[in-house]
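Colleague: need coordinates for the following:
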Amino acid sequence: MDSGQYGREVGQRLRRARMNRLMSLADVEKASGRYWTAAAVGTYERAERAIKVEDLAELAAFYHLDIRHLLPETGVAR
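Modeller: Down below sits the predicted model:
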């Protein structure tokens with residue numbers, strides 16, 4: 001899996017996590033006290049901007065998820 005494909009999969013998982021909580025991008029912005037802006041989260045979901053691991057961990061916590069739920073399988077043995 002190349003980095004572009006990996007980023008798109010992370011974005012899809014972020015969007016799924018948000019939608020599973022029945023939240024719009026505006027809802028995320030409001031619920032986070034503007035810590036996460038709708039524009040920033042949207043760019044992560046569309047893989048227009050790479051997300052730092054620290055930010056991904058914080059978004060996972062915001063969505064009450066283990067970060068592993070947002071990380072795709074790479075097919076690489078660990």
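
Colleague: wait, A38 touches S32, no?
Modeller: No. Using C-beta atoms under 8 Å, A38 is not in contact with S32, being 10.0 Å away. Quick note: C-beta positions are derived from backbone N, CA and C, even for glycine.

Colleague: below-threshold pLDDT in the protein: ranges please.
Modeller: 1, 75-78 (pLDDT under 70).

Colleague: quick one: the most centrally placed residue in it and R34, what's the gap?
Modeller: Centroid-nearest residue in the chain: L14, 3.2 Å away (criterion: C-alpha atoms, centre = their mean). Noted for L14: a distance of 18 Å to R34, by C-beta to C-beta, to the nearest Å.

Colleague: what's the helix ranked longest in the chain in contact with?
Modeller: As assigned by DSSP state H, the longest helix anywhere in the chain is helix 3-20. Outside helix 3-20, the residues within contact range by C-beta atoms under 8 Å, 6 or more residues apart in numbering are 1, 25, 28, 41, 44-47, 50-51, 56, 59-60, 63, 65, 69-72, 74.

Colleague: what comes up buried for the helix or strand just after it?
Modeller: Counting by DSSP states H and E, the next helix or strand C-terminal to helix 3-20 is helix 25-31. Buried residues in helix 25-31, counted by 16 or more other C-beta atoms under 10 Å: 25, 28-29.

Colleague: how about stretch 32-48?
Modeller: Residues of stretch 32-48 classed as buried under the neighbour-count rule (16+ other C-beta under 10 Å) are 36, 40-42, 44-45, 47.

Colleague: just give me how far that stretch sits from the chain centre.
Modeller: Distance of stretch 32-48 from the chain centroid (C-alpha atoms, centre = their mean, to the nearest Å) equals 9 Å.

Colleague: cool, and stretch 20-38?
Modeller: On C-alpha atoms, centre = their mean, the centre of stretch 20-38 falls 12 Å from the chain's centre.

Colleague: just stretch 5-13 next, same as before
Modeller: That offset, for stretch 5-13, works out to 8 Å (C-alpha atoms, centre = their mean).

Colleague: enumerate the positions of that stretch that are buried.
Modeller: Neighbour count says stretch 5-13 has 7-11, 13 buried, by 16+ other C-beta under 10 Å.
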